[in-house]
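Student: Using only what follows, build the 3D model:
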Amino acid sequence: MLSAMANAAVRPPRRHRLEVRVTPEQDALIRQAADLEAATVTAFVLDTVTAHAATVIEQRRDLVLSNQAFDRFITELDKPPAAVPQLSALFRRNPELPGA
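Tutor: Below you'll find the model as predicted:
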């Protein structure tokens, strides 16, 4: 009992609320899974959604290329830079960067 109270004291307060509408079948499935995990529905949903959200973000954060695509990418990076006329004109009009 004391460890549960200690853990509750460490966690930041939950101030935001999410609501979702589910079908009766989805509700039954979620409740059954929560029961099997010995968790409340709220804890089960929050843990599951948070873990999935972290996975989605992690998968999108890293760029994974095949060896062939990586080689093409490096080849493009190694090419000499090409002038962009619009940027050249911009720097001629504003030679100093703001705040520099």
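
Student: From the chain's centre, how far out is stretch 42-53? Work that out for me.
Tutor: A distance of 14 Å separates the centroid of the chain from that of stretch 42-53, by C-alpha atoms, centre = their mean, to the nearest Å.

Student: Convert it to CSV, retaining C-alpha atoms only.
Tutor: Provided in CSV are the C-alpha atoms of stretch 42-53 (Å, rounded to 0.1, in the frame of the first residue of the first chain):
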residue,chain,number,x,y,z
THR,A,42,-8.1,3.6,-18.0
ALA,A,43,-4.7,2.3,-17.1
PHE,A,44,-4.9,-0.4,-19.9
VAL,A,45,-5.9,2.1,-22.5
LEU,A,46,-3.5,4.8,-21.4
ASP,A,47,-0.5,2.3,-21.3
THR,A,48,-1.4,0.8,-24.7
VAL,A,49,-2.0,4.0,-26.5
THR,A,50,1.1,5.7,-25.0
ALA,A,51,3.3,2.8,-26.0
HIS,A,52,1.9,2.7,-29.5
ALA,A,53,2.3,6.5,-29.8
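
Student: pLDDT of that stretch, averaged?
Tutor: Averaged across stretch 42-53, the pLDDT comes to 97.

Student: From here on, call the first residue 237.
Tutor: That works, and once the first residue is 237, the last one we named lands at stretch 278-289.

Student: residues of that stretch that come out buried?
Tutor: 280, 281 (16 or more other C-beta atoms under 10 Å). To be clear about C-beta, it is placed using only N, CA and C from the backbone, and glycine gets the same treatment.
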